[in-house]
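Q: quick one, what's the 3D model for this:
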Amino acid sequence: MFFKSRRFDGGRADVSPLAGSNDHYGQVGSFRRPPSLESSAALREQEVVGQTIAELQLLLDLDEQCQQAARELKLQQLVLMRERNAYLKKLREIEGLCEARAWTDEQRNERELELLSLLKEILYSEEAAPF
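A: Have a look, this model is predicted:
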């Protein structure tokens, strides 16, 4: 048979005329580089691929760190919202208690009236408004 087949480079078949000639640069009529140039090009390509893989791994690690930080922040936010809601509930209870007494109660002594007045002032003060 005029064409011979041999396998190289990971199993791809190379079919070319006069395969197996004694030409040290490859097969006759092929455009392959000399082995020394071919191996240095392959090394450079492996280096580039290795660097790309390393960069990709760094980016994947950074992504995982960002996702972990986002999960932690979300958890902190939920804890703070729960705490805020608990304090708001207590403030509503205090406000309801004071409103039930109409903020003044003739049956209370002067100190209790001062306390009710102070609570009203604190609850309705605009100085401590968050915005």
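Q: for the rest of this, base every contact and every neighbour count on C-alpha atoms.
A: Will do.
Q: what stretches of the chain score poorly on pLDDT?
A: Low-confidence segments of the chain (pLDDT under 70): 1-37, 102-108, 128-131.
Q: quick one: the helices in it, in order.
A: In the chain, helices defined by DSSP state H lie at 35-100, 110-124, listed in chain order.
Q: who are the packing partners of the shortest one?
A: When contacts are defined as 3 or more C-alpha pairs under 8 Å, 6 or more residues apart in numbering; DSSP states H and E, helix 110-124 sits against helix 35-100.
Q: how big is the angle separating the helix it packs on from helix 110-124?
A: Between the axis of helix 35-100 and that of helix 110-124 there is an angle of 140 degrees, by axes from the mean of the first three to the mean of the last three C-alpha atoms, to 10 degrees.
Q: elements contacting helix 35-100?
A: Helices and strands touching helix 35-100, by 3+ C-alpha pairs under 8 Å, 6+ apart, are helix 110-124.
Q: residues of the helix it packs on that come out buried?
A: The neighbour-count check on helix 110-124 (16 or more other C-alpha atoms under 10 Å) flags 113, 116, 119-120 as buried.
Q: same question, stretch 72-81
A: Of the residues in stretch 72-81, none is buried under the neighbour-count criterion (16+ other C-alpha under 10 Å).
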